[in-house]
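Undergrad: need a structure here:
(chains A and B)
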Protein chains: 2
Amino acid sequence: MDEEKYTVQGFNASAAVAGLKKNGTLDLALIVSDREAAVAGVFTTNKVKAAPVILSERHVENGKARAIIANAGNANACTGDPGLNNARRTTELVGRGLGINSEDVLVASTGVIGQELDMHMIAGAIPGLIKALTPDAVPLAAQAIMTTDSFPKISSFTGRAGEHTYRIVGIAKGAGMIMPDMATMLCFILSDININSDDLKSALLSSVETTFNRISVDGDTSTNDTVLAMANGLAGNKDLSGEDHDIFAEGLRNVMWDLARMIVRDGEGATKLVSVEVKNSFSPSDALRAVRTVANSSLVKTALYGQDPNWGRIMAALGRADIEMREDGMDIWIDDVQIVAGGLGMGAEAERLAAEIMTRNEFSLTVDLHQGGYHDRMLTCDLTHEYVTINADYRT
Amino acid sequence: MDEEKYTVQGFNASAAVAGLKKNGTLDLALIVSDREAAVAGVFTTNKVKAAPVILSERHVENGKARAIIANAGNANACTGDPGLNNARRTTELVGRGLGINSEDVLVASTGVIGQELDMHMIAGAIPGLIKALTPDAVPLAAQAIMTTDSFPKISSFTGRAGEHTYRIVGIAKGAGMIMPDMATMLCFILSDININSDDLKSALLSSVETTFNRISVDGDTSTNDTVLAMANGLAGNKDLSGEDHDIFAEGLRNVMWDLARMIVRDGEGATKLVSVEVKNSFSPSDALRAVRTVANSSLVKTALYGQDPNWGRIMAALGRADIEMREDGMDIWIDDVQIVAGGLGMGAEAERLAAEIMTRNEFSLTVDLHQGGYHDRMLTCDLTHEYVTINADYRT
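TA: Just a heads-up that it's a prediction; the model follows:
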């Protein structure tokens, strides 16, 4: 790993083993900006919101922040008032240790729902975390927020605004419970770009829509989803506008798309990364419903696992997607191999070629509805034995 | 099996090995009423409709029928005009063999999508089927419509209308692709009651709503769902009305509920039959959305498999169900063991007791939302390794 690529001027990070994960690995991360940073956040749409989500939503409201403290192993969700107090206490401990206002500390948690956070573990680890802060430890923070993830997720982009070079570094964790809109997903974006919090928020929202809201692992959504972006302005650029703004927005989107792909690739038990694409739908909402229904179908996902170009299941999924469609107007491809034309199968040779492509760990599944001019796409993965093993055994 | 219980006066049935199933078991069934019967049908809501669905929808329109021919092994779906011709040709062959109008023959298919039906096999088997017709063979017909089902599904009810005794016998097949509204599900109801086709249809529709539309195996729906009811009037009762009508409707519902339970119990790879119940929701539609979301959640279903009272996943599912709810107003039970009160876990001892109940192969999961006075329930099953095995390997 090219460590230098994952530093951002003015940001320090650290990670510790607080004891919240049973397996004794890193489970607590701290990220701090040397100076006040513009901040923006996007949070779960689930009506059951974890305590750290409720608190961080409040703390980003003024558009400014200094630090993020995040733990894995315990979601601090469905924990009532004690949970909210524990989240608040965590930000106070970090604030006091750093000598900053606790309202400038954001907090995120992921892990098991419904268990009280062990505040002795958190409180015990915070002094060490603060002492260990270093510019090089963002990759360690990415490790510390993993739950059932099998690898840490980090991505970087370097851009220029006028004379000024800036960087965007993002870390994320995903695995199960991933589906629009977001899921047990944490993502933290750090940048030294100079941008106001309103512009940062609108760039973040539009990037979330085309990246994290276009991935699916199992159709469940979580109580803890949090995407936070901090920008501390140390790059020194002025007034991000016009082309410079567009380059930043595209850079942000690239980092988040990269992380989104890693999340699906690391979907619980997943062995395939599949881009589901729908072309020429009647409306944008039809396109979205179509890709979602196919990308979330258990029967399609088990067929992906079985490397079986079982296009009947794809057609059946589209048939219940509540979209404008004609059975005899549908074409389907696996990568560039067409397996359905006008609603009918292309025969054994096409299926043999498609099955060959499906042995790869990454390919696309494209449907042309011939109903209009809209398209959409979503990343999904296969449904495997390992998914069942992971989720049947999670707490035991 | 008490064979006598499964006969209905004036109905004969037979089954044959036509060769459509690769494993060489029974795959073609014929059911014939001696005289014209009132008929009613409910069909898949999927926009991709199998050829036999399209044809049978037309054939039930006049409210009268004589026979049902059903095959397993090939769904005759996504087969275009040749598929529709094959379905029509099947009804013609049966009509000619029996000396009846082909429009009085209903046809149903289940199995692999997108492959042309082998009409040589069908045509070759029909004469033998007709010759073998007998009152005792309804259970054989139940065997012949099985696909990945592990046992045949049959249920019987005997009632009285005034002085007259009548019987309702139902057979069904299910397994995967089961979710409201219906799924790869075939169900044929035979009765000797005297009822007009309008009354039969309304009784059938209301029974489907509370039985087959309240079960879920994997959230997918199929192109082939068909529920057909035939009543030939040989019981001799007059004008089914008042209490007699209610008893018949309840008997029909009992037979269909019985079959629906068998379908979920035999869900692909399922080891648990779980009744998901929601009480005191704000509206009837909230109650339905709530039970559907919990009953279809992959994370809840894997937790059922893991015998883990992971109530956080149940709360997270409800939180994304788009219903009126308050996190701190939710109670959850496994059978009679309360595991959540006011949105908070009841602790380790309650979870231990709940986990003990979850080792059984049948139990209930009840949520009290405390938002209003409506309730609903749905039968679901667990998501297991075997489900993945069955569906990854289905065609190969």
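
Undergrad: Three-state assignment for the closest residue to residue A:297 other than its chain neighbours, please.
TA: Leaving aside its sequence neighbours, residue A:297 sits nearest to residue A:317 (CB to CB, 6 or more residues apart in numbering or on different chains; 4.3 Å). From N, CA and C alone the C-beta is placed, and that goes for glycine too. Look at residue A:317: counting by DSSP: H, G, I helix; E, B strand; the rest coil, its state is helix.

Undergrad: can you read off the pLDDT for residue A:317?
TA: Residue-level confidence at residue A:317 comes out at 91, pLDDT.

Undergrad: pLDDT weak spots in the stretch 51-200 of chain A?
TA: Residue ranges of the stretch 51-200 of chain A with pLDDT under 70: A:175-183.

Undergrad: for chain B, what's the nearest residue on it?
TA: residue A:113 (2.4 Å; CB to the nearest CB).

Undergrad: can you list the residues of the stretch 51-200 of chain A near chain B?
TA: A:75, A:77, A:78, A:79, A:80, A:112, A:113, A:114, A:115, A:176, A:177 (CB under 8 Å from any CB of the partner chain).

Undergrad: so can I have a markdown table of the residues you listed showing secondary structure?
TA: Shown next, in a markdown table, are those (three-state DSSP):
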| residue | secondary structure |
| --- | --- |
| A:75 | coil |
| A:77 | coil |
| A:78 | coil |
| A:79 | coil |
| A:80 | helix |
| A:112 | strand |
| A:113 | coil |
| A:114 | coil |
| A:115 | coil |
| A:176 | coil |
| A:177 | coil |
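
Undergrad: hang on, the earlier thing: distance check, the residue of the stretch 51-200 of chain A closest to chain B against residue A:25.
TA: In this view, residue A:113 and residue A:25 are 20 Å apart by CB to CB, to the nearest Å.

Undergrad: which of the two has more residues huddled nearby?
TA: residue A:113 (26 against 13; other CB atoms under 10 Å in any protein chain shown).

Undergrad: where does the residue lying closest to that one once chain neighbours are set aside fall, helix, sheet strand or coil?
TA: Of all residues not flanking residue A:113 in the chain, residue B:312 sits nearest, at 2.4 Å (CB to CB, 6+ apart). State at residue B:312, reduced to three classes by three-state DSSP: helix.

Undergrad: what sits against residue B:312?
TA: Residue B:312 sits next to A:75, A:77, A:78, A:112, A:113, A:114, A:223 when contact means CB atoms under 8 Å, 6 or more residues apart in numbering or on different chains.

Undergrad: any chance of the residues you listed in a markdown table, plus distance to residue B:247?
TA: Conversion of those to a markdown table gives the following (distance: CB to CB, whole Å):
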| residue | distance to residue B:247 |
| --- | --- |
| A:75 | 52 |
| A:77 | 49 |
| A:78 | 46 |
| A:112 | 51 |
| A:113 | 47 |
| A:114 | 46 |
| A:223 | 47 |
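
Undergrad: hmm, which two among the residues you listed are most spread apart?
TA: Spatial extent of the contacts of residue B:312 (CB to CB) is set by the pair A:112 and A:223 at 11.3 Å.

Undergrad: quick one: which of the two has more around it?
TA: Neighbour count, other CB under 10 Å: between residue A:112 and residue A:223, residue A:223 has more, with 31 against 17.

Undergrad: now residue A:236: how far from residue A:164?
TA: Distance of residue A:236 to residue A:164, given as CB to CB: 5 Å.

Undergrad: beta partners of the residue nearest to residue A:295 when sequence neighbours are not counted?
TA: Distance criterion CB to CB, 6+ apart; nearest residue to residue A:295, sequence neighbours excluded, is residue A:380 at 3.8 Å. In this entry, residue A:380 is beta-bridged to residue A:216, residue A:274, by DSSP bridges.

Undergrad: residue A:380: neighbour count?
TA: Using other CB under 10 Å, residue A:380 is surrounded by 31 other residues.

Undergrad: likewise residue A:348?
TA: Around residue A:348 there are 8 residues (other CB under 10 Å).

Undergrad: give me phi/psi at it?
TA: Residue A:348 adopts backbone torsions of phi -70, psi -40, taken as degrees, to the nearest 10.
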